[in-house]
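K.L.:
Let me see the structure of the following:
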Amino acid sequence: MSILCIGQAVYDITFPVDTPIVENQKYRIPQRIECMGGPAANAAYLCALWGSRTSLISRIGNDLFGKKILEQLESAGVDASSLKVDDQLATSISSIIVNQENGHRTILNTPLPPENYEPDWPDHSPNVVLMDGYEKECALQAFQKYPTAITLMDAGTFKPELLDIIEAVDYLVCSKDFAYQYSGIAIDMNHQETWRDTFSKLEKINPNTIVVTLGSDGAMYKKEDTIYYIPAFRADTVDTTGAGDIFHGAFAYCLENHFSLKDTVRIASLAASISVETLGGQLSIPSLESVRNKRDELGLEMDI
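P.N.:
Have a look, this model is predicted:
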């Protein structure tokens, strides 16, 4: 059993601020947090940390940031043999400003230019393939190479150029921003007709299983003809960076271990809620034991 993640790996530099940022001013930030980031990379880190055999297809430069990313991935047990280290690239970085009053973050990312290449595929066939929309050509190849694998997409924003992936995955796990950008319908938690209308629209681009993450409002999914709502778990939020990546990584882990969809969404939500209480994306990824402890503390009945 194994998981393959395909997508972005970046190096995050986070600046916590306690005052509004305005133009043409200088700010002294007494603390900065540095760690690996990126949707696929964070998801791979979590899956490996939780004990799954995990590989990552991504690209980094042969520079200081790339070497730090590689070290952090390997420290969790991620198989990095499929990671492309390119001497001609500067590793993607993100500067992240975190509002300490509410934990909300603003991310400035420099992505790598797209590249069509044949990756070094892992030496085992994965049961689950997670894609975040980066390294698109590799993701499309994965459908052909692993036709029996369960496929999952981390869809943060709607990009028409990714429709061929969006339409094909078994699980489209998208943000409320993605849902609104495609459907034009704002989900109102007090009006269930907006839930039904949103899912009806999304089903036009993916006929399989759709999950919509709602941030601090929780998540919802549709099974057969019923939409189920999972409230968010309470958290003392200091930084929401990486919470979505962690949700998707935990989701992939649960798919590999054949959990029910309800428990998969609850476990992913629980992991994400723990993560927002710590600064830094990768640094906030909870251990499986901490998720189990939180489950027990809350008195939740689900196996992990």
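K.L.:
which regions of the stretch 1-150 of the chain lie under the pLDDT threshold?
P.N.:
For the stretch 1-150 of the chain, no stretch has pLDDT under 70.
K.L.:
if I look at L300, how far off is G37?
P.N.:
With distances taken as Cβ to Cβ, to the nearest Å, L300 is found 29 Å from G37. For every residue, glycine as well, the C-beta is placed using N, CA and C.
K.L.:
Could you tell me how many residues sit around the closest residue in space to P39 that isn't next to it in sequence?
P.N.:
Nearest residue to P39 in three dimensions, chain neighbours excluded: D132, at 3.8 Å (Cβ to Cβ, 6 or more residues apart in numbering). Neighbours of D132 under the rule other Cβ atoms under 10 Å: 28.
K.L.:
Over to A232?
P.N.:
A232: 17 neighbours (other Cβ under 10 Å).
K.L.:
Torsion angles phi and psi at it?
P.N.:
phi -70, psi 150 (degrees, to the nearest 10).
K.L.:
Any idea what the residue nearest to Y171 when sequence neighbours are not counted is bridged to?
P.N.:
Excluding the flanking residues, the one nearest Y171 by Cβ to Cβ, 6+ apart is L152, at 4.4 Å. Counting by DSSP bridges, L152 forms beta bridges with L130, Y171.
K.L.:
For L152, give me its contacts.
P.N.:
128-131, 169-171, 173, 248, 251-252, 255 (Cβ atoms under 8 Å, 6 or more residues apart in numbering).
K.L.:
try 6 Å
P.N.:
By Cβ atoms under 6 Å, 6 or more residues apart in numbering, the contact set of L152 is 130, 171, 252.
K.L.:
Could I have the ChimeraX command that selects the buried members from these?
P.N.:
In ChimeraX syntax, the buried subset of the contacts of L152 is picked out as below (16 or more other Cβ atoms under 10 Å):
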select :130,171,252
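K.L.:
Can you report how many residues neighbour I29?
P.N.:
11.
K.L.:
if we can go back for a sec, my understanding was that the residue nearest to P39 contacts A9; is that so?
P.N.:
No: with contact defined as Cβ atoms under 6 Å, D132 does not reach A9; the gap is 10.1 Å.
K.L.:
so the most centrally placed residue in the chain, which of the three states?
P.N.:
Note on the chain: the residue nearest the mean C-alpha position is D245, at 2.1 Å, using Cα atoms, centre = their mean. The three-state assignment at D245 reads helix, by DSSP: H, G, I helix; E, B strand; the rest coil.
K.L.:
isn't it right next to N42, touching?
P.N.:
Yes: between D245 and N42 there is a contact at 3.6 Å, judged by Cβ under 6 Å.
K.L.:
Have a look at L300 and G37 and say which one is more surrounded.
P.N.:
Using other Cβ under 10 Å, the more surrounded residue of L300 and G37 is G37, with 30 against 15.
K.L.:
May I ask which helix or strand encompasses the residue nearest to that one when sequence neighbours are not counted?
P.N.:
Closest residue in space to G37, ignoring its immediate chain neighbours: D12 at 3.7 Å, by Cβ to Cβ, 6+ apart. Here D12 is covered by strand 10-17, with elements defined by DSSP states H and E.
K.L.:
Can you list the strands that that strand pairs with?
P.N.:
Strand pairing (DSSP bridges) places strand 10-17 next to strand 33-37 (antiparallel), strand 93-99 (parallel).
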